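# Need coordinates for the below:
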Amino acid sequence: MSTEIELKLQLSPKAARKLADHPLLADIASQKQHLLNTYFDTPSLELHARRVAVRFRKKGWQWLCTVKSAEPASGGLAMRSEWEAPATPGIFDFSHVDAEDFREFLVKRSTKFEAIFTTDFHRQLWHVPFGESLIELAIDRGHIESCGRRSTICEIELELLSGRVDDIFGLTRQLQENIDLFPALPARPNVATPCSSTNPYARSRASPYPSVTSRPRSKPSAALRSAAWNTSSAMKRAC
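Alright, predicted model coming up:
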């Protein structure tokens, strides 16, 4: 098991192009990836209720099965337990999940799993030294599809590879000096839901993923400060 700490932020396509040319990234080689993902849940959304995500990801020629269990997010920042292993699409093998009770929870429900939504996006990423930390900065551009509906993904992720959580916010503040960044709405696994007309989420949702055009007018400084405080508190509880 690993612990993933990351901040998701939304931006416009124009801002994404501008960010790729930011001076902070000028001397750092980037990597490019094409990622295809399918997320699964039970018809009654039992994983969603427990803030759990199960997905198959195609990364290059490799397929991976990923399981994530998240602390409540704030201001786009989340701390998750993560298990990931090579896999065969459609075969739910959770032997890599080393938490026995949690693994049993997944195995018991796996016969009911159905595809909830898919994402297809191109990622450009950099490993950025900042402060006392190494942070992976990724720009994701593509789409999410559910129930025959499609919406755009245009966001960045800043993942703490090593160091201090505060450095994620320090890097974000520098990027915000000339690029508009906004807190992302809840993580993708908590947004799209099954298409059944009996599902209240499906009836109330206009689209499976919020468009960047619906972003708030204000800068996310207050939300980011709140996220930093909540994440620090969550880390203390985990210790």
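# Tell me the helix or strand right after the helix or strand containing Ala15.
In this assignment (DSSP states H and E), Ala15 forms part of helix 13-20. Using DSSP H and E, the helix or strand that follows helix 13-20 towards the C-terminus is strand 31-41.
# Please name every helix or strand in contact with that next one.
Here strand 31-41 touches helix 46-49, strand 52-59, strand 114-130, going by 3 or more Cβ pairs under 8 Å, 6 or more residues apart in numbering; DSSP states H and E. No exception for glycine: its C-beta is placed from N, CA and C like everyone else's.
# related to what we said a few turns ago, and the helix holding Ala15 with strand 114-130, angle?
Interaxial angle, helix 13-20 versus strand 114-130 (axes from the mean of the first three to the mean of the last three Cα atoms, to 10 degrees): 40 degrees.
# Who are the packing partners of helix 13-20?
Judged by 3+ Cβ pairs under 8 Å, 6+ apart, helix 13-20 is in contact with strand 133-146, strand 149-162.
# which stretch of helix or strand covers Arg173?
Judged by DSSP H and E, Arg173 forms part of helix 165-175.
# Same check on Leu9?
Following DSSP H and E, the helix or strand that holds Leu9 is strand 2-10.
# any idea of the angle that strand forms with helix 13-20?
Here strand 2-10 runs at an angle of 130 degrees relative to helix 13-20 (the same axes, to 10 degrees).
# packing partners for strand 2-10?
Packing contacts for strand 2-10, counted by 3+ Cβ pairs under 8 Å, 6+ apart, involve strand 77-86, strand 149-162, helix 165-175, strand 182-183, helix 221-238.
# one step back: with just CA atoms, put the helix holding Ala15 into PDB.
This file holds the C-alpha atoms of helix 13-20, laid out as PDB (Å, rounded to 0.1, in the frame of the first residue of the first chain):
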ATOM      1  CA  PRO A  13      -7.500  24.800 -22.200                       C
ATOM      2  CA  LYS A  14      -5.700  28.200 -22.900                       C
ATOM      3  CA  ALA A  15      -4.300  28.200 -19.400                       C
ATOM      4  CA  ALA A  16      -3.100  24.600 -19.800                       C
ATOM      5  CA  ARG A  17      -1.100  25.600 -22.900                       C
ATOM      6  CA  LYS A  18       0.400  28.500 -21.000                       C
ATOM      7  CA  LEU A  19       1.200  26.300 -18.000                       C
ATOM      8  CA  ALA A  20       3.300  23.900 -20.200                       C
END
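# follow-up on the earlier one: can you show me the CA trace of the strand holding Leu9 as PDB?
This file holds the C-alpha atoms of strand 2-10, laid out as PDB (Å, rounded to 0.1, in the frame of the first residue of the first chain):
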ATOM      1  CA  SER A   2       1.100   3.500  -0.700                       C
ATOM      2  CA  THR A   3      -0.300   6.900   0.400                       C
ATOM      3  CA  GLU A   4      -1.100   9.300  -2.300                       C
ATOM      4  CA  ILE A   5      -1.400  13.100  -1.500                       C
ATOM      5  CA  GLU A   6      -2.400  15.300  -4.300                       C
ATOM      6  CA  LEU A   7      -4.100  18.500  -5.200                       C
ATOM      7  CA  LYS A   8      -6.400  18.700  -8.200                       C
ATOM      8  CA  LEU A   9      -7.100  22.100  -9.900                       C
ATOM      9  CA  GLN A  10      -9.100  23.000 -12.900                       C
END
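# residues near Arg17, how many?
The number of residues packed near Arg17 is 12, by other Cβ atoms under 10 Å.
# quick one: strands adjacent to the strand holding Leu9?
Paired strands of strand 2-10, with direction, are strand 77-86 (antiparallel), strand 149-162 (antiparallel), strand 182-183 (antiparallel) (DSSP bridges).
# Since that was my last question, I'll sign off now.
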